[in-house]
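Asks: Predicted structure and sequence below. I'll ask about it afterward.
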Amino acid sequence: MATLAEDVSKLTDRYQTTVPSGVRKQLKLGKGDRIRYRTEPGGRVYIEAVRADESDPAVGAFLDFLEADITAHPERVRAFDGALHDRLQALVGDIDVDLDAPLSPDDE
């Protein structure tokens, strides 16, 4: 197992802190960059860089929901079988979707 790096910083009277240089280097952070904090129910906090090319925040929230559900209920995870694939293909197989096309005014 890899050794975890550990850095400490101090909160100011205004609850601000400086991101330690080791963390800045590891995350490749520069002045003006954004960081995200993710907190687990048990109190563990993760910090990560927010990149400009990140997708819609709703996707991230959905993926977080999926991760939490899979973690809480791993017994629900099962293989994607051929029958389900065939049912989905029958529903949408002939529909072409351009995900880059703008929505029509009726769809917005």
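Replies: Received the coordinates, thanks.
Asks: OK, contacts around Asp7?
Replies: Residues near Asp7 by CB atoms under 8 Å, 6 or more residues apart in numbering: 20, 22-23. For the C-beta atoms, the positions are set from N, CA and C on the backbone; glycine is no exception.
Asks: State the distance from it to Thr17.
Replies: 11 Å (CB to CB, to the nearest Å).
Asks: hmm, back to that, filter the contacts of Asp7 to the buried ones?
Replies: Neighbour counting by 16 or more other CB atoms under 10 Å classes Val23 among these as buried.
Asks: Name the nearest of the contacts of Asp7 relative to Asp98.
Replies: Nearest to Asp98 among these, counting by CB to CB, is Val23 at 40.8 Å.
Asks: Look up the closest residue to that closest one, ignoring the ones flanking it.
Replies: Using CB to CB, 6 or more residues apart in numbering and skipping residues adjacent in sequence, the residue nearest Val23 is Asp7, 5.6 Å away.
Asks: looking at this, the one you found is in a helix?
Replies: No: applying DSSP: H, G, I helix; E, B strand; the rest coil, one finds Asp7 to be coil, outside a helix.
Asks: Quick check: phi and psi at it.
Replies: Main-chain dihedrals, Asp7, degrees, to the nearest 10: phi -130, psi 160.
Asks: out of all of them, which helix in this protein is the longest?
Replies: helix 57-72 (DSSP state H).
Asks: Check the average confidence over it, would you?
Replies: Here helix 57-72 scores 88 as its mean pLDDT.
Asks: Asp69: neighbour count?
Replies: 12 (other CB atoms under 10 Å).
Asks: okay, now Ala68: neighbour count?
Replies: Neighbours of Ala68 using other CB under 10 Å come to 12.
Asks: err, Lys25, not the other one
Replies: So Lys25, with other CB under 10 Å, has 10 neighbours.
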